[in-house]
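Participant: Build the 3D model from these lines:
(chains A and B)
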Amino acid sequence: MNINQFVPILIVITPLVCAFFVMGLHWVDRRLCLPLTILAITISFISSIITLYSVISHGIIQYKLGGWPPPIGIEYKIDTLNGSILVLITFIALINIFTSFNQVSIDLPEKKGTFYSLYLLFITGLVGVVITGDLFNLYVLLEITSLSAYAQIALGDKKRGPIASLNYIFIGVIGASFYLLGVGYLYMMTGSLNMGDVANIIKHLHQSQAIFVAFIFCIVGVWIKMALFPLHIWLPNAYTYAPTTSSRLISPLMTKVMVYVMIRLMFTVFGYDYLFRTLTLSNEVVLLASIAIIFGALMALSQRDLKKMLTYIIVSEIGYMVGGAWIGNKAALTGAILHIINDAFMTFALFIAAGNFAWRIKELSVDNLKEIFQTMPWTSAGFVIAGMSIIGIPPTCGFFSKWYLLIGAMEARQYFFAASLILSSLLSVILFFRIFEKSLFNNRKDHLGSSDGIKTQEAPTNMVIGLLFVCVILIVLGLYSGKIVSTLIIPFVSRGI
Amino acid sequence: MEGLLREIVGKYNYWLYIVLMMIGLYAMIAKNNLIKKLVGMNIFQTAIILFYISMGYKKGGTLPIIELPPHHHEIPPDAIDISKYINPLPHVLMLTAIVVSVATFGVALAIALKIYKEYNTLEEDEIRMRIRER
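Facilitator: This is a model prediction of the structure:
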């Protein structure tokens, strides 16, 4: 019995079990909640790194839950794609807890245990969705993720939080139910729920109407959950009115994980041949994604509230990844997967910065960010780097994934998608330089004559360190993007296409 | 006409689940009261549960509990007639789905309660008006 055999299950089990203990510890000693949470996420993080390492060196890992062989039992199947996303999720959760624990004690002093328990359940759901090789298991863990997200959002802004959360529930339930319905049709046709098994059987059923219906239901359900353009209405309010800690956690991870699920369904379950030879929906979906990109960028431009602006940037970024996956060539799919990783960190950095601003400024409108460079120099520096990465300026990672997407779009002659990529980059230049201008160039001469009167009032040290750390990662990811693509992404892409 | 009728009667379980699903969807979109919307949501989820349940059923099938034939200590593999037993897997899956839908309903009700405490109403248009007034 090798200890390495149990490592994959530890990624999911540790946060799940600890979620209950954190809840209980709340009644015993409130101070113990935070260390236990950190411990659980750390164990999960280390296990996912070990798993990813052994995937890179030894190939795909299959873990049989309860020892049942795959088509009957639930199987965890880890390749380089979901291995790296597991590391991504646990890493962001870990940084976030270090960055925002004092925010939690201020926002929710009486509900610390409950909040950390929800936090851990959210992580459990996400890693479960990513690690599993079973279609129904994915649905259950998806609902665990969503339920803890609903509850966290409802803990946010007193007036608007619960309403935003309830709207999210209505739409999220429709999304999850559509996915479940699609799985039902798949089960009817194939008699199996295991992804690999289903994929083998589907090869002979390409002409079936029921498989087509199953595909449409699954994909639309996932699109609702990831907020692709016409289905995005729940996202801006839900992420704006969530508590700071949760919006920092949910907004980088939830939508990206759903993009991962879409890519997994497309290229592992249904397969390239079915998607791009039998169905010919590619052009339409890429067009939809292009509209999503432009729409998101335009809506972001029209927002006055900083957080809401960032949420519309997420809507726009979702368009990049969906378009990249549906173009259906190697370069674009590589770009889409690389963008999952990069965009998670970019959104994370932006939301940490927004939270730091909110520490000092009550109303987070763009106009209130005047002179923020004097009062919060470090946070603003981090915000600038994150903004540059969203725009796609070379040393930061945002450039590289956009580059792959652009190459892929050109190869496939999707000129409209390429044009909307460039247009949205230009729009985000306007978007961010509008803020930089407001915050950098102050005109205080009218009543003071100099800027000596302004004191620096930074957010707490751990928040600033967290932000700067993520900004360093943004640049490191950019510098090593060639390595990431060749070791983590190419193995999946060359199997998929 | 006859063909359509045969289509409906022959596959009535699927028609039923679609009708139920649409009732739920209609309630979620068109109703003004938040609790009515939640009930619509529950109907919507129940429709899918019915779909799964009917999927596993076989005409004349019974519970998949195999009786030991007399004078045997082990069941001979050829003695099992699969067509006599319903498929238990969709039913087991739906146990989990029921738990999920109950949990969702609970969370949603708790949030509706929170909204009621904040705004003293559960009518959506009134809540929207209050938000605009602020």
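
Participant: Contacts only, for residue 6.
Facilitator: No chain was given, so I picked chain A. Listed by C-beta atoms under 8 Å, 6 or more residues apart in numbering or on different chains, residue A:6 has no contact partners. Any C-beta I mention is one placed from the backbone N, CA and C, and that applies to glycine too.

Participant: can you map out the helices along chain B?
Facilitator: Using DSSP state H, the helices of chain B run over B:2-10, B:12-30, B:34-56, B:88-119, B:124-133.

Participant: ok, residue B:61 to residue B:86 distance?
Facilitator: According to C-beta to C-beta, to the nearest Å, residue B:61 and residue B:86 sit 4 Å apart.

Participant: who's more crowded, the two?
Facilitator: residue B:86 (17 against 14; other C-beta atoms under 10 Å in any protein chain shown).

Participant: Please list all residues in contact with that one.
Facilitator: Contact analysis of residue B:86 by C-beta under 8 Å, 6+ apart lists B:56-58, B:61-64.

Participant: List just the nearest of the residues you listed to chain A.
Facilitator: residue B:56 (9.5 Å; C-beta to the nearest C-beta).

Participant: Which residues are in contact with that closest one?
Facilitator: With C-beta under 8 Å, 6+ apart, residue B:56 has these contacts: B:86-91.

Participant: in the helix or strand hosting residue A:34, what's buried?
Facilitator: Assigned by DSSP states H and E, residue A:34 belongs to helix A:33-58. The neighbour-count check on helix A:33-58 (16 or more other C-beta atoms under 10 Å in any protein chain shown) flags A:33-34, A:36-38, A:40-41, A:43-52, A:54-55 as buried.

Participant: Report the mean per-residue pLDDT for that helix.
Facilitator: For helix A:33-58, mean pLDDT is 90.

Participant: Also stretch A:490-497?
Facilitator: What stretch A:490-497 shows for mean pLDDT is 83.

Participant: mind saving the C-alpha coords of that stretch as CSV?
Facilitator: Provided in CSV are the C-alpha atoms of stretch A:490-497 (Å, rounded to 0.1, in the frame of the first residue of the first chain):
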residue,chain,number,x,y,z
ILE,A,490,-0.4,20.4,-25.0
PRO,A,491,-0.8,16.8,-23.7
PHE,A,492,-4.6,17.4,-23.3
VAL,A,493,-5.0,19.4,-26.5
SER,A,494,-3.2,16.7,-28.6
ARG,A,495,-5.5,14.0,-27.1
GLY,A,496,-8.6,16.1,-27.7
ILE,A,497,-8.1,17.2,-31.2
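
Participant: Pull out the buried positions in that stretch.
Facilitator: Applying 16+ other C-beta under 10 Å to stretch A:490-497 flags A:491-493, A:496 as buried.

Participant: Among those residues, name the ones in helices.
Facilitator: Short answer: those in helices (DSSP H) are A:491-493, A:496.

Participant: Would you agree residue A:254 is in contact with residue A:148?
Facilitator: No. If you go by C-beta atoms under 8 Å, residue A:254 and residue A:148 don't touch, sitting 10.4 Å apart.

Participant: From the buried residues of helix A:33-58, list the ones also adjacent to chain B.
Facilitator: For chain B, no contacts are drawn from these by C-beta under 8 Å from any C-beta of the partner chain.

Participant: Name the residues that touch stretch A:338-346?
Facilitator: Here stretch A:338-346 makes contact (C-beta under 8 Å, 6+ apart) with A:84-85, A:88, A:92, A:252-253, A:256, A:259-260, A:317, A:320-321, A:324, A:386, A:389-390, A:397-398, A:400-402, A:404-405, A:470, A:473-474, A:477, A:481, A:484-485, A:489.

Participant: out of these, which are inside helices?
Facilitator: Mapping the contacts of stretch A:338-346 onto helices (DSSP H) picks out A:84-85, A:88, A:92, A:252-253, A:256, A:259-260, A:317, A:320-321, A:324, A:386, A:389-390, A:397-398, A:400-402, A:404-405, A:470, A:473-474, A:477, A:481, A:484.

Participant: picking up where we left off before, so which of the buried residues of stretch A:490-497 comes closest to residue A:436?
Facilitator: residue A:493 (36.2 Å; C-beta to C-beta).

Participant: tell me the mean pLDDT for stretch A:419-434?
Facilitator: On average, the pLDDT along stretch A:419-434 is 90.
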